[in-house]
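1. I need the structure of the sequence given here:
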Amino acid sequence: MPIAIEGKWLWDSWYAHDGKQWHGYFLQADRALGDPDLRHFNVSQGHATSTDLKTWTHHGTTFAPAAGPAWDDYTTWTGSVVQGDDGLWHLFYTGTTKAERGMYQRIGHATSTDLHNWTRVGDGLCLDLTGPNADCYETDHIVGHWHDRAMRDPWVMRNPDGGWMMYFTARAPGIPEPNAGGAVGFATSPDLMTWTLCPPVFTGGFGQLEVPQVFAQGNHWYCLFCTASVHWSNQYRATNTQAPVTGTHYLIADHPRGPWRVAPGPFLDGADPCRRYAARIVETPQGLFILGFADGGKAQFGGYVMDPEPVTVGPDGLLSVTPIALAAE
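-> Reported below is the predicted structural model:
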């Protein structure tokens, strides 16, 4: 069964394993809003658990915007959850404020001992586009050029060289074509508490590379991302002969800091209209599986997290998804 709640739209999700079961976190909003486009600014985070990624027990709302005024009093969007060396769990999330009409995104931090009740670290704010490397990013909302000041979807993981790394959705400055300015931002930390903004690890190809997720398999590193068909750059349209689709694709590299390149060949998991968006790949004893929310476009918006589907790594290092119907044959 998918992750679904009657009366709610669910979308972006992320996962953590506590040694016994999976914890699924997801964005949620009431279907009573009527228009699924309104969900983004009427959002909270939900929490469910599962031992098999198929049967889920729901635990209600786990995190929500702060009582205003605050830097995250409007939205608490997509994030990731990791466990520190001392056993404490850390949630990194995207926040916006009503004072800026939600147009400026920043990254927040909360902690938990039980993976459900979260306490902000200070006021929650842990990273913004400021400091010595800020000029590597589009730090202002360029009205008419792009729809927001992008800094969202933090993915935090251990650095194999020590400490921690954060990847996030961002944009690079001074690029005339809006769809060529998408970037994967980067930051480092020795302890999950103090973060240093670094230059992006990848720029170009798309107007935005949403919900990045970095993981290793074999000799390769992969950076999953999602984007819309309307955000393909002119260069990517010219080099990829398939018709533009919306969904999930990936970058590939030999090291987590790159250099990263767009994986060749067809989009990993795309369709028109979009079938699944904001996907994550999780590793289980049975192999790799992809999970994301059912989209379908505004008129047929699904609003639930689809059942996992197998992902394989080919001898060439490239990923492929086997839809459930084919996997069952």
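2. same question for stretch 120-129, mean pLDDT?
-> Stretch 120-129 shows a mean pLDDT of 98.
3. which residues does it contact?
-> 66, 70-72, 92, 95, 106-111, 137, 139, 149, 151, 154, 166, 170, 187, 193, 195, 197 (C-beta atoms under 8 Å, 6 or more residues apart in numbering). Where C-beta positions appear, they are placed from N, C-alpha and C, glycine not excepted.
4. I'd like the next helix or strand past the longest helix along the chain.
-> Assignment by DSSP state H gives helix 234-239 as the longest helix of the chain. Under the assignment DSSP states H and E, the closest C-terminal helix or strand after helix 234-239 is strand 246-253.
5. could you list the low-confidence segments of this protein?
-> 325-329 (pLDDT under 70).
6. center of it, which residue is that?
-> Central residue of the chain (C-alpha atoms, centre = their mean): residue 211, 2.1 Å from the mean position.
7. can you verify my assumption that that one contacts residue 26?
-> No - applying C-beta atoms under 8 Å as the test, residue 211 and residue 26 come out as separate, 11.9 Å apart.
8. pretty sure residue 203 is touching residue 183, no?
-> Yes - if you go by C-beta under 8 Å, residue 203 and residue 183 touch, sitting 4.4 Å apart.
9. when the two are compared, which one has more neighbours?
-> residue 183 (26 against 22; other C-beta atoms under 10 Å).
10. how much space is there between the more buried one and residue 127?
-> 15 Å (C-beta to C-beta, to the nearest Å).
11. now swap in residue 294 and tell me
-> For residue 294 relative to residue 127 (C-beta to C-beta), the value is 31 Å.
12. just residue 57 next, same as before
-> 33 Å.
13. quick one, which of those two is more surrounded?
-> Between residue 57 and residue 127, counted using other C-beta under 10 Å, residue 127 has the larger neighbour count: 22 against 11.
14. so what sits opposite the more buried one in the bridge?
-> In this entry, residue 127 is beta-bridged to residue 107, by DSSP bridges.
15. please apply the same query to residue 224.
-> residue 213, residue 250.
16. number of residues surrounding it?
-> Neighbours of residue 224 (other C-beta under 10 Å): 25.
17. pull the contacting residues for it.
-> 211-215, 248-250, 268, 279-281.
18. dump these to a markdown table, plus distance to residue 87.
-> Shown next, in a markdown table, are these (distance: C-beta to C-beta, whole Å):
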| residue | distance to residue 87 |
| --- | --- |
| 211 | 27 |
| 212 | 26 |
| 213 | 23 |
| 214 | 23 |
| 215 | 22 |
| 248 | 32 |
| 249 | 35 |
| 250 | 31 |
| 268 | 35 |
| 279 | 29 |
| 280 | 23 |
| 281 | 25 |
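19. follow-up on the earlier one: where's the residue nearest to the centre of the chain, which helix or strand?
-> Here residue 211 is assigned to strand 210-217, by DSSP H and E.
20. pull out the buried positions in that strand.
-> Residues of strand 210-217 classed as buried by neighbour count (16 or more other C-beta atoms under 10 Å): 210-215.
21. which residues are contacting it?
-> Here strand 210-217 has contacts from 12, 78, 80, 152-153, 155, 157, 165, 167-169, 184, 221-227, 256, 278-281, 283, 288, 313, using C-beta under 8 Å, 6+ apart.
22. please indicate which of these are buried?
-> If we count by 16+ other C-beta under 10 Å, the contacts of strand 210-217 have these buried: 12, 78, 80, 152-153, 155, 157, 165, 167-169, 184, 221-227, 256, 278-281, 288.
23. what are the contacting residues of the longest helix of the chain?
-> 177, 179-180, 204-206, 244, 262.
24. over to stretch 49-63?
-> With C-beta under 8 Å, 6+ apart as the test, stretch 49-63 has contacts from 1, 3, 5, 20-25, 28, 44-48, 76, 91, 93, 110, 116-118, 282, 284, 289, 291, 307-308.
25. swap the cut-off to 7 Å and go again
-> With contact meaning C-beta atoms under 7 Å, 6 or more residues apart in numbering, stretch 49-63 is reached by 1, 3, 5, 21-25, 44-48, 76, 91, 93, 110, 116, 118, 282, 289, 291, 307-308.
26. just these: which are in strands?
-> 22-25, 44-48, 76, 91, 93, 110, 282, 289, 291 (DSSP state E).
27. ok, so of these, who is nearest residue 232?
-> Nearest to residue 232 among the ones in strands among the contacts of stretch 49-63 is residue 291, at 24.0 Å by C-beta to C-beta.
28. excluding its backbone neighbours, what's nearest the closest one?
-> residue 308 (5.0 Å; C-beta to C-beta, 6 or more residues apart in numbering).
29. how much space between that neighbour and residue 235?
-> Remark: distance between residue 308 and residue 235 (C-beta to C-beta) = 33 Å.
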